[in-house]
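Q: okay, structure incoming, though there's no sequence with it:
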Ligand code: FAD
């Protein structure tokens, strides 16, 4: 009866959020006196999956059906449910990503499971009850939730747990859930690649620009700083609305949620809808020429100044790091 961890892959690599989920799953397995097994689907090599041993995963069930290279909700849920059945897993760990959210609710219905999303703590286990803490109200508060169903699904918030680095490799076992054509009938026709090498939702550092940058011709400031720091680029909603930047870079309530270790906001006012997507960042640095900009209240460090003067200096400094 192992703990089952769902692994997401991108560009042939295990996503950082899944390394965190794997570490979390191994710790839960230890609490329960059992082992952690992972299920991986899609575009990744067996070699890369073996490295999950470093996060305490003993075995990986790998479905490399070519039809599942990109995320297909129904089919992924079927594969995960089949893996849970094979392993008699009563505890399933997901990452709190867009894919994790899409899978979680569907899987919970299918397995009559208790589901907790946005989880920020290891469970307190008492008999058949798992008590976990989850972020609510866009990360402004926490709620304790009891998971009491026989099967429990926990979606772990990004950047909640340090990725484990143990010695050892996982064994990889081919696995198939015998999918039918109907399972893959609704599949993505095209996947639009994001700009830059670093996936925004997974990034450790994010450099983000707002309307204060005046126009797309000034975006080299964001890009150059991001390049010097090895960061992903992001933007506020109005910037994407007027096509200065693509919509997949827009963070906030109606865009992507990010939880990097460092979020640098340049010329962004800090409206509540923007903060909803970034306020779980570990460190927030705000550059704004208005000392009354609301973002300063959420910032760990603030620079009151003109972005066109401050950012080139930061780029030079970052290049010399
Ligand atoms: P502005 O509010 O125009 O702020 C620009 C800032 O740049 C100002 O603070 C100004 O002082 C500063 N500035 C100007 N010049 C300079 C300079 N030279 N140097 C330094 N600083 C300078 N917004 C999001 O971002 N994400 C969302 O998901 C989102 N969802 C929304 C959902 C709803 C339902 C609604 C109603 C709104 C949503 N918004 C969202 C919009 C949000 O309310 C704000 O309007 C938006 O975040 C403002 O973007 P901004 O900070 O880039 O622009």
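A: Looks like it arrived, so ask away. Note that the coordinates shown come from a computational prediction; the quantities given were computed from them, not determined experimentally.

Q: got the phi and psi for the residue lying closest to residue 214 once chain neighbours are set aside?
A: In space, and not counting its chain neighbours, residue 214 is closest to residue 267: 8.0 Å by C-beta to C-beta, 6 or more residues apart in numbering. (C-beta placed from N, C-alpha, C; glycine too.) Main-chain torsions, residue 267, degrees, to the nearest 10: phi 60, psi 40.

Q: kindly list the longest helix within the chain.
A: Criterion DSSP state H: the longest helix present in the chain is helix 16-32.

Q: returning to what we had before: the residue nearest to residue 214 and residue 293 touch, don't they?
A: No - counting by C-beta atoms under 8 Å, residue 267 does not reach residue 293; the two are 9.3 Å apart.

Q: which of the two has more residues huddled nearby?
A: Set side by side, residue 267 and residue 293 show more neighbours around residue 267, with 27 against 22, by other C-beta atoms under 10 Å.

Q: near the ligand, which residues of the stretch 101-250 of the chain? Just list them.
A: For the stretch 101-250 of the chain, the residues in contact with the ligand (C-beta under 6 Å from any ligand atom) are 210-212, 236-239, 250.

Q: remind me what the strand or helix carrying residue 13 packs against, helices and strands.
A: Here residue 13 sits within strand 13-14, counting by DSSP states H and E. Under the contact definition 3 or more C-beta pairs under 8 Å, 6 or more residues apart in numbering; DSSP states H and E, strand 13-14 sits against helix 46-50.

Q: what sits up against the helix it packs on?
A: With contact meaning C-beta atoms under 8 Å, 6 or more residues apart in numbering, helix 46-50 is reached by 7, 12-14, 38, 40, 60, 62, 169-172.

Q: those strands in the stretch 151-300 of the chain, which residues are they?
A: Ranges of strands in the stretch 151-300 of the chain, per DSSP state E, counting those that start in this stretch, are 152-156, 171-174, 205-209, 232-235, 262-266, 283-288.

Q: and what of the stretch 1-150 of the chain?
A: Under DSSP E, counting those that start in this stretch, the stretch 1-150 of the chain gives strands at 3-7, 9-10, 13-14, 36-41, 57-63, 91-95, 114-119, 124-126, 129-136, 141-147.

Q: mean pLDDT lowest where, among those?
A: Per-segment mean pLDDT for the strands of the stretch 1-150 of the chain reaches its minimum on strand 9-10, at a mean of 89.

Q: adjacent strands (with direction) for that one?
A: strand 13-14 (antiparallel) (DSSP bridges).

Q: how about stretch 278-290: buried residues?
A: Neighbour counts using 16 or more other C-beta atoms under 10 Å place 278-281, 284-288 of stretch 278-290 among the buried residues.

Q: ok, and of the residues you listed, which contact the ligand?
A: By C-beta under 6 Å from any ligand atom, the members of these lying near the ligand are 287-288.

Q: nearest to the ligand, of the buried residues of stretch 278-290?
A: The ligand has its nearest neighbour among the buried residues of stretch 278-290 in residue 288, at 4.3 Å by C-beta to the nearest ligand atom.

Q: tell me which residues touch the closest one, please.
A: Residue 288 neighbours (C-beta under 8 Å, 6+ apart): 212, 265, 267-270, 295-296, 302-304, 307.

Q: so what sits opposite it in the bridge?
A: In this entry, residue 288 is beta-bridged to residue 304, by DSSP bridges.

Q: name the surrounding residues that touch the helix or strand bottoming out on mean pLDDT in the chain.
A: None of the helices or strands of the chain scores lower by mean pLDDT, DSSP states H and E than strand 9-10, at a mean of 89. Applying C-beta under 8 Å, 6+ apart, the set of residues contacting strand 9-10 from outside is 15, 18, 40-44, 199, 202.

Q: thanks a lot, see you next time.
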